[in-house]
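>>> Would you be able to build a 3D model of this:
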Amino acid sequence: MTRIRKHTSNKLIRKRIKYFFIVFLLICTYLLYEIVNLTIFKNEEYESKIASQSLETINLSSGRGIIYDRNNLPLTDNKKSEVLLVPKDVISGNYENISLIKKATKLSEKDIYKAVQNQLSNEIIEIDINYIDKSKINELKSKNILVKEKTMRYSDNNLLTHLIGYVKKSENNGVSGIEKSMNDELKDSNKNYVSVFKAGTNNKGLKYLKGSIKEISDNKNSTNLKLTIDSKIQEKLEKIVDKEENPSAVVISDVQTGEILAMSSRPNFNQNKISTYANSKKGELQNRALAVTYPPGSVFKLVVLYAALEHNVIDENYIYYCDGSTKVGSSNEVLNCNNNESHGMESLSDALSNSCNCAFYDIAKRVGSENIFQAIKELHLDEKVDIGIDEEKNSKLPHEIALSNLAIGQANIEFTPLQINQLTQIIANNGTYKPLYLYDSIIDNDNNCIKTFKLNKNSEIIEPYTMTSIKEMMTQVSKTGTAKVLKDLEGGCGVKTGTAQSSLNGEKISHGWITGFYPETNPKYVITVIVEGTEKESKSATPIFKEICENLK
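Next up is the predicted model:
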């Protein structure tokens, strides 16, 4: 009996030893894991935290790659200002130093203390100055007060704001536009900052170490972005659209290359005051040129015309008699021409020039919905232009739409102004499809090319004879048709106008379209304009088109 008990006891002891040994091994393994994790995997993270606690930095630049136009003119980082960097303890109760700052900068004591109050948690106070007495700079430096030039990301002229977009300052990450879409290429370039090492403590926490204030420039391996935009054309465009009160969007591209030369969206916004638009209902932050879709109205008749000519249901000898209205199908519905105007006997060119709804409903019946939707696909209107902006929208193509609406581009079919510009570029280029693009290259600080951008789509030829015929008919629109106010435009042009029915707050409104090429012979530019209708009034886009052309000479 005793032997049995002793044997059981020994077995229990061995079992416990084995259990404790396993627990010991698990504890050792865990501790080893934590040591490896801390020293290897999380080393960078903890070093960063230590650095952030012991270093204070004051940025003197945006810390992002500069965005340039096609001629290497900077569209960002071109606003310079001077700032005063003052250690907090230098002016805390030191009226002699405050007096020196006042004399050197012409700032008031109130201005100085306002800056201090807004930066109480900082050891170095940054004060914006509009004036500096250069004879006082060395005296300021002897007090550890520095005068530095600061480069701002955005200037006050707000040029190309919607396309450039803006950044979230606290993270220096792009939020919209190019800033967002090209964030990886732009972030952490052209760094220039003042570094302050904090060591030791006082009753308020870490205090800066005297002699540790240093300016650091890190421009090695910096990358900048070059666009196809022409800032001179952009400036002219924005002066024109700023005179229009209604919301608008404009796209200007190069016929031969597909380069986007200018783009605007109105109303505009200030990139330095984004918070002021948080509750706005005016859509200032929307890029209407590529992030908003609209019914195309009669501009879509270009697509219907292309489909009909390609399927040989009509030719250039087509004749139609318009008495101002026509019956829709077998229903009692009637489709009217604009203002119930009777155009009488019309050729095909006349029908386009007059933007005759009745004639184009007749043409649409001949070609059919299926072939019109096939034309949309052939003309790349069923896909985004894809210029590399995250906010860019695709067209809205309904599963079902009445042929009477499809014929004249009304109801629930919608495109962006950028897509309409691409369509017009194909026509202006006699059927050569050159994909529109925005990004030219990545360049270094000496303007040397690091990388060129490849297009996602290939060029192609789309029915050159048909497109040339449509192009010729578009020139008649500007001479005798709905855009005949352009007939005296030097160099001539070819266009198609449109009125797109919509609604706003329950009220019927109309958006004014015009898209076309300029000049008439060997066109260089494709220009697409939309002016939104408001509850107050609806407007034509043609005057803006005309003024743009006059300023492109």
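>>> in the stretch 201-350 of the chain, what spans have low per-residue confidence?
Counting by pLDDT under 70, the ranges of the stretch 201-350 of the chain that qualify are 201-212.
>>> What of the chain?
Along the chain, the model assigns pLDDT under 70 to residues 1-12, 34, 36-55, 198-212.
>>> T161 - how many residues pack around it?
For T161, the neighbour count with other CB atoms under 10 Å is 23. C-beta coordinates here come from the backbone N, C-alpha and C atoms, glycine included.
>>> do the same with the one 10 residues further on
E171 sits with 9 neighbouring residues when counted by other CB under 10 Å.
>>> do E179 as well
Count around E179 with other CB under 10 Å applied: 25.
>>> thinking it is in contact with H162, fair?
No: E179 is not in contact with H162 according to CB atoms under 8 Å; the separation is 11.1 Å.
>>> Spit out the residues that contact those two alike.
By CB atoms under 8 Å, 6 or more residues apart in numbering, E179 and H162 have no common neighbours.
>>> OK, contacts around the residue lying closest to D390 once chain neighbours are set aside?
Take D390 and drop its neighbours on the chain: the residue closest to it by CB to CB, 6 or more residues apart in numbering is S181, 4.9 Å away. S181 makes contact with G165, G174, G388, I389, D390 under the criterion CB under 8 Å, 6+ apart.
>>> And for E535?
Going by CB under 8 Å, 6+ apart, E535 touches L504, N505, E507, I509.
>>> Please identify the pairing partners of the helix or strand hosting the last one and their relative orientation?
When secondary structure is defined using DSSP states H and E, the element that contains I509 is strand 507-518. Strand pairing for strand 507-518, determined by DSSP bridges: strand 494-504 (antiparallel), strand 525-531 (antiparallel).
>>> mind putting the ones you listed in a markdown table, mean neighbour count and distance to S61 included?
What follows is these, written out as a markdown table (neighbours: other CB atoms under 10 Å; distance: least, CB to CB, whole Å):
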| stretch | mean neighbour count | distance to S61 |
| --- | --- | --- |
| strand 494-504 | 22 | 43 |
| strand 525-531 | 28 | 36 |
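>>> Can you check which of those gets nearest to E259?
Among those, strand 525-531 comes nearest to E259, with 10.6 Å by CB to CB.
>>> next helix or strand past the closest one?
Counting by DSSP H and E, what follows strand 525-531 is helix 542-551.
>>> Can you name every helix or strand that that following helix contacts?
Packing partners of helix 542-551 (3 or more CB pairs under 8 Å, 6 or more residues apart in numbering; DSSP states H and E): helix 231-241, strand 248-254, strand 494-504, strand 507-518, strand 525-531.
>>> With respect to N332, which of these lies nearest?
Ranking the helices and strands packed on helix 542-551 by proximity to N332 (CB to CB) places strand 494-504 first, at 20.5 Å.
>>> and the closest one with helix 542-551, angle?
Going by axes from the mean of the first three to the mean of the last three CA atoms, to 10 degrees, strand 494-504 is angled at 140 degrees with respect to helix 542-551.
>>> how near is K377 to A307?
Note on K377: its distance to A307, by CB to CB, to the nearest Å, is 11 Å.
>>> With S342 instead?
The gap separating S342 from A307 is 26 Å, by CB to CB.
>>> Just list whatever residues bridge to Y320.
Here Y320, judged by DSSP bridges, has bridge partners E346.
>>> Quick one: residues contacting it.
M345, E346, A351, C356, C358, A359, D362.
>>> Kindly report the same for E333.
K327, S404.
>>> where does Q410 land in three-state SS?
coil (DSSP: H, G, I helix; E, B strand; the rest coil).
>>> Do you have the strands of the stretch 251-400 of the chain handy? List them.
Under the criterion DSSP state E, counting those that start in this stretch, the stretch 251-400 of the chain carries strands at the ranges 260-266, 319-322, 325-327, 334-336, 344-347.
>>> To P519, which of those strands lies closest?
Closest to P519 of those is strand 260-266 (CB to CB; 15.0 Å).
>>> The closest one: how far from the chain's middle?
How far strand 260-266 lies from its chain's middle: 10 Å, per CA atoms, centre = their mean, to the nearest Å.
>>> and that strand, what other elements does it pack with?
Strand 260-266 packs on helix 161-164, helix 231-241, strand 248-254, going by 3+ CB pairs under 8 Å, 6+ apart.
>>> Of the contacts of E535, which is the nearest to K539?
Of the contacts of E535, the one sitting nearest to K539 (CB to CB) turns out to be I509, at 10.4 Å.
>>> okay, now the closest residue to that closest one other than its chain neighbours: neighbour count?
Closest residue in space to I509, ignoring its immediate chain neighbours: G533 at 3.4 Å, by CB to CB, 6+ apart. For G533, the neighbour count with other CB under 10 Å is 22.
>>> Can you name the residues that contact G533?
Going by CB under 8 Å, 6+ apart, G533 touches N246, S502, L504, I509, S510, H511, G512, K539.
>>> sorry, back to before: compare neighbour counts for S342 and A307 and give me the winner.
Legend: neighbour count by other CB under 10 Å for S342 and A307, higher for A307 (26 against 13).
>>> Tell me, how many residues neighbour the residue lying closest to the more buried one once chain neighbours are set aside?
In space, and not counting its chain neighbours, A307 is closest to A375: 3.7 Å by CB to CB, 6+ apart. A375 sits with 21 neighbouring residues when counted by other CB under 10 Å.
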